[in-house]
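Q: With the input below, show me the fold.
(chains A, B, C and D)
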2 protein chains.
Amino acid sequence: MKILVIEDELQVSSFIKQGLEEQSFEVEVAYDGNIGERLALSRDYDVILLDIVIPGINGFDLCNIIKKEKPGTPILMLTTLSTTADKVTGFNAGADDYLPKPFEFEELIARIKALARRSTMNPASGTLLRFHDMKLDLEKKIAWREEKAIKLSAKEFSLLEFFMRHPEKVISRAELAEKIWNIKFETGTNVVEVYINMLRNKIDRDFHQKYIQTRIGLGYVLTNEI
Amino acid sequence: MKILVIEDELQVSSFIKQGLEEQSFEVEVAYDGNIGERLALSRDYDVILLDIVIPGINGFDLCNIIKKEKPGTPILMLTTLSTTADKVTGFNAGADDYLPKPFEFEELIARIKALARRSTMNPASGTLLRFHDMKLDLEKKIAWREEKAIKLSAKEFSLLEFFMRHPEKVISRAELAEKIWNIKFETGTNVVEVYINMLRNKIDRDFHQKYIQTRIGLGYVLTNEI
DNA sequence: AAGGATATTAAAAGTATATTAAAAGAGGAT
DNA sequence: ATCCTCTTTTAATATACTTTTAATATCCTT
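A: Model prediction:
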């Protein structure tokens, strides 16, 4: 697990570094805001510890910048300022947690682990939907089945996303028409059928198990049975 | 500051060792590739000087091995070979700098100091961004793909840098327009498309795997999938 | 086998993106 | 200052991709 520590006070930073390394974290230390920024933006860390008072740039501002570029990376703010007003500013800047100095080392470890667990369990707040050997990457807008990547158009993508959010549920044409195409009443169109067909060609055609199945008179299901 | 010298020619290595120790560096010398490898991997050095022609293992290969295990340690390649082709191979092997023999001692010192400074200031990222077989040298403002050096204009460079700092993420035209061209609202321009096209001609045209891909309706990704 | 439901295909209509060339701008050399 | 070269931007055109429609084929139920 990789941790970036942005902290100028040598005493504090080396204490943290040493302690975390004993717990077998990989630790990198930036001694000022600018270097911290470069590191934070150019690499992926599991957690960033950020002191508010650092040379080069304000910790709040840096927090904002990092969160803009890497919204998935949890940030734990460290500081001697501990008034409620500061806490509020910290959270507004996008910090995920807040630890006033001086702190118990146990406390620090616990919070880091909590943050990391939160973010790895929920990679950038759920960017992956899964259904058996199929994945849908909501960030990259790409689907995978077994190890094959599948490019989807926008409509195909929302259709598949809808199915993957409602696995094993029969969904009527009317509901698909409304949710995906925003068609609220019966028009003569057959877009749904056409798109189901396109989706099948992409995700089912080359595989034995067909995930998208027809329930005549009812609609379609995403299932791995039958 | 600790330096590891991997060099079999006794004349050269003792000359370097003596000179560096006068400047109060700590110096260790390995006289063949295998010992060099063991030392490099088991201890932390501030800089490694590595001759290309050494017994036991090829300098390029050793460079690769060290960079894999200790990507943060700067490596300065020493060699009598000084053709561009060798330089290219050296950089591809991950070397941070390159010094053809014979060299001025002053020059050596200067480069060691530069490397050490660079790596302590920015222990993680150095000046190289990597994406599979592509590298971007942030100092020299040059890109490499496989063995080919690629000259980039300023805008092309920042565009590629942005992609390489956000690999596998879909980036919208709007975001590129804002981050690279500082266009904050919709103007009628198509600079983004034009520059994407120029960049593709430089980094993708001659290769089978196209790194810059379009996600219609969304933007572009730097990816090696699909 | 008939009739309704679903699937498939192809073409048309609509958009987004790619490419090219020329114009405008910027910097260096003489 | 002028020329030259390289970069950046604009604009026009070409190509590619997506979405929708519509016509036809196939399947399923009775």
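
Q: tell me which element the closest residue to A:Phe103 other than its chain neighbours is part of?
A: Nearest non-adjacent residue to A:Phe103, counting by C-beta to C-beta, 6 or more residues apart in numbering or on different chains: A:Leu78, 7.7 Å away. (C-beta placed from N, C-alpha, C; glycine too.) Secondary structure from DSSP states H and E places A:Leu78 in strand A:75-79.

Q: Give me the nearest residue to A:Arg165, chain neighbours excluded.
A: Nearest in space to A:Arg165, with sequence neighbours left out and distances taken as C-beta to C-beta, 6+ apart, is A:Leu129 at 6.9 Å.

Q: Check A:Glu175 too.
A: Spatial nearest neighbour of A:Glu175, chain neighbours left out: A:Gly219 (7.2 Å); criterion: C-beta to C-beta, 6+ apart.

Q: hey, what's that neighbour bridged with?
A: Note on A:Gly219: beta-bridge partners by DSSP bridges are A:Arg215.

Q: on that earlier part again, tally of neighbours for the residue nearest to A:Arg165?
A: A:Leu129: 17 surrounding residues under other C-beta atoms under 10 Å in any protein chain shown.

Q: A:Lys70 versus that one, what's the distance?
A: Per C-beta to C-beta, to the nearest Å, A:Leu129 is found 22 Å from A:Lys70.

Q: okay, A:Pro123: pLDDT?
A: For A:Pro123, the pLDDT comes out at 40.

Q: make that A:Arg200, sorry
A: With respect to pLDDT, A:Arg200 scores 97.

Q: a helix runs through it, doesn't it?
A: Yes: assessed by DSSP: H, G, I helix; E, B strand; the rest coil, A:Arg200 belongs to a helix.

Q: I figured it hits A:Gln213, correct?
A: No: using C-beta atoms under 8 Å, A:Arg200 is not in contact with A:Gln213, being 9.6 Å away.

Q: check whether stretch A:137-146 contacts DNA strand D.
A: No: applying C-beta under 7 Å from any atom of the strand, one finds stretch A:137-146 separated from DNA strand D by no less than 10.2 Å.

Q: which of the residues in that stretch are buried?
A: By neighbour count on 16 or more other C-beta atoms under 10 Å in any protein chain shown, the buried set for stretch A:137-146 is A:Asp137, A:Lys140, A:Lys141, A:Ile142, A:Ala143, A:Trp144, A:Arg145.

Q: And for stretch A:194-207?
A: Within stretch A:194-207, the residues scored as buried using 16+ other C-beta under 10 Å are A:Tyr195, A:Ile196, A:Leu199, A:Arg200, A:Lys202, A:Ile203, A:Asp204.

Q: what's the answer for stretch A:32-47, then?
A: A:Gly33, A:Ile35, A:Gly36, A:Glu37, A:Arg38, A:Leu39, A:Ala40, A:Leu41, A:Ser42, A:Tyr45, A:Asp46, A:Val47.

Q: Which stretches in chain A count as strands?
A: Under the criterion DSSP state E, strands of chain A are mapped to A:2-6, A:26-30, A:47-51, A:75-79, A:97-100, A:128-131, A:134-137, A:142-145, A:148-151, A:212-215, A:219-222.

Q: export those to CSV and tack on mean pLDDT?
A: Below are the strands of chain A laid out as CSV (pLDDT from 0 to 100):
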stretch, mean pLDDT
strand A:2-6, 91
strand A:26-30, 87
strand A:47-51, 92
strand A:75-79, 85
strand A:97-100, 76
strand A:128-131, 86
strand A:134-137, 90
strand A:142-145, 93
strand A:148-151, 92
strand A:212-215, 96
strand A:219-222, 96
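
Q: hang on, the earlier thing: closest one to A:Asp8 out of the buried residues of stretch A:137-146, please.
A: Of all the buried residues of stretch A:137-146, A:Asp8 sits closest to A:Lys140, with 37.2 Å by C-beta to C-beta.

Q: which one is the closest one nearest to, not counting chain neighbours?
A: Spatial nearest neighbour of A:Lys140, chain neighbours left out: B:Val170 (5.8 Å); criterion: C-beta to C-beta, 6+ apart.

Q: Would you confirm that that neighbour contacts B:Gly217?
A: No: counting by C-beta under 8 Å, B:Val170 does not reach B:Gly217; the two are 10.1 Å apart.

Q: and which of the buried residues of stretch A:32-47 is nearest B:Ile112?
A: Here the nearest of those to B:Ile112, counting by C-beta to C-beta, is A:Ile35; it sits at 20.8 Å.

Q: Give me the distance between the closest one and B:Asp46.
A: In terms of C-beta to C-beta, A:Ile35 sits 17 Å off from B:Asp46.

Q: Kindly report the same for A:Leu108.
A: Distance, A:Leu108 to B:Asp46, by C-beta to C-beta: 29 Å.

Q: A:Gly36 too?
A: Separation of A:Gly36 from B:Asp46 (C-beta to C-beta): 21 Å.

Q: Likewise for A:His208?
A: A:His208 is 57 Å from B:Asp46, where distance means C-beta to C-beta.

Q: now do A:Ser14
A: Distance from A:Ser14 to B:Asp46, by C-beta to C-beta: 17 Å.

Q: quick one on the thing from earlier: of the buried residues of stretch A:194-207, which are in range of DNA strand D?
A: A:Tyr195.

Q: Check the buried residues of stretch A:194-207 and tell me the two furthest apart.
A: Across these, no pair lies farther apart than A:Tyr195 and A:Asp204, at 13.4 Å, counting by C-beta to C-beta.

Q: can you pull the contacts of the closest residue to DNA strand C within chain A?
A: Minimum separation of chain A from DNA strand C (C-beta to the nearest atom of the strand) falls at A:Thr214, amounting to 3.5 Å. By C-beta atoms under 8 Å, 6 or more residues apart in numbering or on different chains, the contact list for A:Thr214 reads A:Tyr220.

Q: That concludes my questions; thank you for your assistance.
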